[in-house]
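Trainee: Coordinates for the following, if possible.
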Amino acid sequence: MSYSTDEILKQAESLAEEMGNLDEIEQFHQLEAKLNENQKVQTYINQIKMKQKQAVNLQAYGKREAQQQMEKEIDELQAKIDSIPVVQEFKESQVITNHILQSISQNIEHTVFNEEETDN
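Mentor: Numbers count the residues shown, from 1 in each chain. This next block holds a predicted model:
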């Protein structure tokens, strides 16, 4: 049986909508929203961004020691972020979500290439 590209894209869109309704995906989106609303997390993220820019400038001017100190401060801020429970939950959910997406992608790839082999 042969399908047009448009038909396949419509089916892919339908699959994407169904996937969006999976409990794991819904939980991921809920945790992402909590993360974006968390002032403490956002403050740390903004501080990291600022320090990253400073580190790039220090590197451009060849100030290696100051750059290393800035990178240490960035690592400390990242550790603070990582210790926040909602961040830990989000990262766990992200791993699960990525696993689901990779499994589906691999399944599609496997099916497509097996179809090609049987057609030859």
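Trainee: Torsion angles phi and psi at residue 83?
Mentor: phi -80, psi -10 (degrees, to the nearest 10).
Trainee: My error: substitute residue 62 in the last question.
Mentor: Torsion angles, degrees, to the nearest 10, at residue 62: phi 70, psi 20.
Trainee: just residue 27 next, same as before
Mentor: phi -60, psi -40.
Trainee: Which neighbouring residues are in contact with it, exactly?
Mentor: residue 93 (CB atoms under 8 Å, 6 or more residues apart in numbering). Just so you know, the C-beta spots here come from the backbone N, C-alpha and C atoms, and that holds for glycine as well.
Trainee: and if you look at residue 88?
Mentor: residue 82.
Trainee: Which of the helices or strands spans it?
Mentor: Here residue 88 sits within helix 85-119, counting by DSSP states H and E.
Trainee: just residue 67 next, same as before
Mentor: Going by DSSP H and E, residue 67 is in helix 64-82.
Trainee: Go ahead and name everything in contact with that helix.
Mentor: 41, 44-45, 47-48, 51-52, 54-55, 58-59, 87-88, 91.
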